[in-house]
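> whatever this is, show me its structure:
(one chain, ligands or ions: 3)
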Amino acid sequence: MIVVDRAFTERVVKKRPIASYKGKMGRVVIVAGNDRFGGAAIMSATAAVYAGAGLTTVATNPDNWTALHARLPEAMVTDLQAETLTPLLTNADVIVVGPGLGEDAAAKSVLNLVLKTASKDQALIIDGSAITLCSQDRPQMPNAKIIWTPHAVEWQRMSGLTPSQQDDKENQKAFAKMAGTLVLKGSPTRTYNGKDVFLNTSGSPAMATGGSGDTLTGVIAAFCAQFGTNAQTIAAAVWTHSAAADNLHEYVALPTRVAASLPAFMAELAATQS
Ligand SMILES: NC(=O)C1=CN([C@@H]2O[C@H](COP(=O)(O)OP(=O)(O)OC[C@H]3O[C@@H](n4cnc5c(N)ncnc54)[C@H](O)[C@@H]3O)[C@@H](O)[C@H]2O)[C@@H](O)CC1
Ligand SMILES: Nc1ncnc2c1ncn2[C@@H]1O[C@H](COP(=O)(O)OP(=O)(O)O)[C@@H](O)[C@H]1O
Ligand SMILES: [Mg+2]
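Ligands and ions are numbered 1, 2, ... in the order given. Okay, here's the model as predicted:
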């Protein structure tokens, strides 16, 4: 069991080299948001941009474009059609699929496109609706660096384990049949990579509000884009997201306010390096 705390995270969040440029900070593509859950796409993208991803594109239902542009002009948008999306997916360093995507035919079709396109050097973060769809349809998974981010009920859909059965031993046994990294969200969140268990030490019930998990996907995406995709980076992203919520000292940690606090918080974490 590896305890993830501030000291652990400070080893991951690096000062930016002088010669940094946006292309070096990672290309993130977020496939998210149907006509009802545009907020999930906006929250994921906001977190990715505010946690430092160099170039963020959101593939979302066109109903969400105006709101996304108005809230987050740093992000680019595209639709969910294979013709426009395929080249963007191919060039991405990190792909997020699932927040607020829904489970209809359009969601299934774009999820299949992502699974067909993802390649071995890319991080692929699978969340929300995409977890539910993968659990139902059991598609062939790509040879990519897959990161699953289920909550307890999504993990139940993946593994068959009820929330009360979800202890380290059972989780590891169930995840041994799957590939990649598992971020099992909860209180506390545990990250599994098939070898170690990373126990998060930040977070509180103030995070029990819609959008907290959508925001986490963007933080993980930005961390992988900048610091390399491995279990340490992913566990540090989990800690940073929940610690940023703790730092608000508010009854409810509104995901948009958590995201807004990330640039200053990450500067603080990076400043401890000599
Ligand atoms: N503003 C938005 O656009 C939002 C969109 N969302 C999206 O909505 C879609 C559906 O996600 P949901 O998670 O709501 O629906 P799900 O159908 O996946 O799961 C919801 C059920 O699981 C329960 N649950 C969640 N965490 C649990 C835990 N730790 N222990 C026990 N039970 C738990 C919930 O109370 C609920 O009964 C996802 O794609 C998600 O990304 C949500 O994130 C909410 C906000
Ligand atoms: N009681 C709690 N203690 C610590 N973290 C919590 C608590 N409740 C929720 N969270 C965090 O909030 C997030 C919830 O994710 P999720 O259920 O996917 O939200 P959504 O899909 O609405 O964005 C996770 O990161 C989880 O760890
Ligand atoms: Mg969620």
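> who in the chain is up against ligand 2?
Near ligand 2, the residues belonging to the chain are 128, 151, 185-187, 189, 203-205, 207-208, 210-214, 216, 242 when assessed by CB under 6 Å from any ligand atom. C-beta: built from backbone N, CA, C; applies to glycine.
> in PyMOL, how would I select the buried members of the residues you listed?
Provided next is the PyMOL selection string for whichever of the residues of the chain next to ligand 2 are buried by 16 or more other CB atoms under 10 Å:
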select buried, resi 128+151+185+189+203+207+211+212+213+214+216+242
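> in the stretch 151-274 of the chain, which residue sits nearest ligand 2?
residue 213 (2.2 Å; CB to the nearest ligand atom).
> now that residue: how far from residue 201?
Noted for residue 213: a distance of 18 Å to residue 201, by CB to CB, to the nearest Å.
> related to what we said a few turns ago, ok, which of the residues of the chain next to ligand 2 also contact ligand 1?
Intersecting these with the surroundings of ligand 1, defined as CB under 6 Å from any ligand atom, gives 128, 151, 186, 210-211, 213-214.
> can you list these in a markdown table and add pLDDT, distance to residue 96 and secondary structure?
Shown next, in a markdown table, are those (pLDDT from 0 to 100; distance: CB to CB, whole Å; DSSP: H, G, I helix; E, B strand; the rest coil):
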| residue | pLDDT | distance to residue 96 | secondary structure |
| --- | --- | --- | --- |
| 128 | 98 | 10 | helix |
| 151 | 98 | 16 | coil |
| 186 | 97 | 20 | coil |
| 210 | 98 | 17 | coil |
| 211 | 98 | 14 | coil |
| 213 | 98 | 11 | helix |
| 214 | 98 | 9 | helix |
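> check the residues you listed one by one and keep those near ligand 3.
Among these, the ones lying close to ligand 3 by the criterion of CB under 5 Å from the ion are 128, 213.
> and the ones next to ligand 1 among the residues of the chain next to ligand 2, which is closest to residue 69?
residue 214 (18.3 Å; CB to CB).
> after the lengthiest helix in the chain, next one along is what?
The helix spanning the most residues in the chain, taking DSSP state H as the definition, is helix 231-248. Reading on from helix 231-248 to the C-terminus, the next helix or strand found by DSSP states H and E is helix 255-260.
> now what about stretch 155-164, what contacts it?
Surrounding stretch 155-164, the residues in contact under the criterion CB atoms under 8 Å, 6 or more residues apart in numbering are 131-132, 134-136, 148, 150, 152-153, 166, 170-171, 174-175, 178, 182, 184.
> so which of these belong to helices?
Among those, the subset assigned to helices under DSSP H consists of 131-132, 134-136, 152-153, 170-171, 174-175.
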